[in-house]
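Trainee: I need the structure of the sequence given here:
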Amino acid sequence: MMEKTFNQPFINSALNVIATMSSLPVAVGESSMGVAGAKFGCITGIIGMSSVELSGNMLIRFEEAAILQIVNTMLREQFTQVNKDIIDAVGEITNMVVGGAKMELAKLGHIFDMASPAVVEGNQVHMVQSAPDSALLLPFSVPHGKFMIEAVFVNKTRSK
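Mentor: Numbers count the residues shown, from 1 in each chain. Have a look, this model is predicted:
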């Protein structure tokens, strides 16, 4: 089950990473709890997170125009389509956003381990999460497009 206190660490980290790395203005939309697995974007970074009490995933989904603008600005390139460099950048961005959120969550008493990031390419990819009805959805935009963080955590069942 997601706690409302989880919103701000992910928002702060995404703003810090994208704005710092690309120098682009980043707008934050209204966060909500919703259905995980929305078909959004052309490329998705995924990373698993686990604590003593919770396990889950954070996904960061990018529309093509958004990720091209972010990476082109970061690398001072002119990519016109998703390629290996874009895929690598999404993995790095995913890792940095989760790393930043992990540090903020630790200050709130939530100590997480994180897996290595994975990247899935494809328009409108449907990803099924472990608790599909309780995803934290955080929409963002840069001048040329949108991206979204989707985070789902569930309480671990303890066997004795």
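Trainee: which elements pack onto the longest strand seen in the chain?
Mentor: The longest strand of the chain (DSSP state E) is strand 145-155. If contacts are counted by 3 or more Cβ pairs under 8 Å, 6 or more residues apart in numbering; DSSP states H and E, strand 145-155 sits against helix 7-22, strand 54-62, helix 64-75, strand 135-142. Glycine gets a C-beta too; all of them are placed from N, C-alpha and C.
Trainee: mind listing what's buried in it?
Mentor: 145-153 (16 or more other Cβ atoms under 10 Å).
Trainee: redo these as a markdown table? Include pLDDT and distance to residue 70.
Mentor: A markdown table is the format used below for those (pLDDT from 0 to 100; distance: Cβ to Cβ, whole Å):
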| residue | pLDDT | distance to residue 70 |
| --- | --- | --- |
| 145 | 96 | 9 |
| 146 | 97 | 11 |
| 147 | 96 | 8 |
| 148 | 93 | 14 |
| 149 | 93 | 14 |
| 150 | 89 | 18 |
| 151 | 87 | 20 |
| 152 | 85 | 24 |
| 153 | 83 | 26 |
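Trainee: hmm, back to that, determine which stretch of the helices and strands packed on strand 145-155 is the most buried.
Mentor: strand 54-62 (a mean of 24; mean count of other Cβ atoms under 10 Å).
Trainee: just give the closest residue to residue 98, not the sequence neighbours.
Mentor: residue 47 (4.8 Å; Cβ to Cβ, 6 or more residues apart in numbering).
Trainee: isn't the one you found right up against residue 94?
Mentor: Yes. If you go by Cβ atoms under 8 Å, residue 47 and residue 94 touch, sitting 5.4 Å apart.
Trainee: shared neighbours, these two?
Mentor: Shared contacts of residue 47 and residue 94, defined by Cβ atoms under 8 Å, 6 or more residues apart in numbering, comprise 58, 117.
Trainee: out of the helices and strands packed on strand 145-155, which is closest to residue 98?
Mentor: strand 54-62 (5.4 Å; Cβ to Cβ).
Trainee: bridge partners for the residue sitting nearest the centre point of the chain, pull those for me.
Mentor: Central residue of the chain (Cα atoms, centre = their mean): residue 60, 2.8 Å from the mean position. Counting by DSSP bridges, residue 60 is bridged to residue 45, residue 149.
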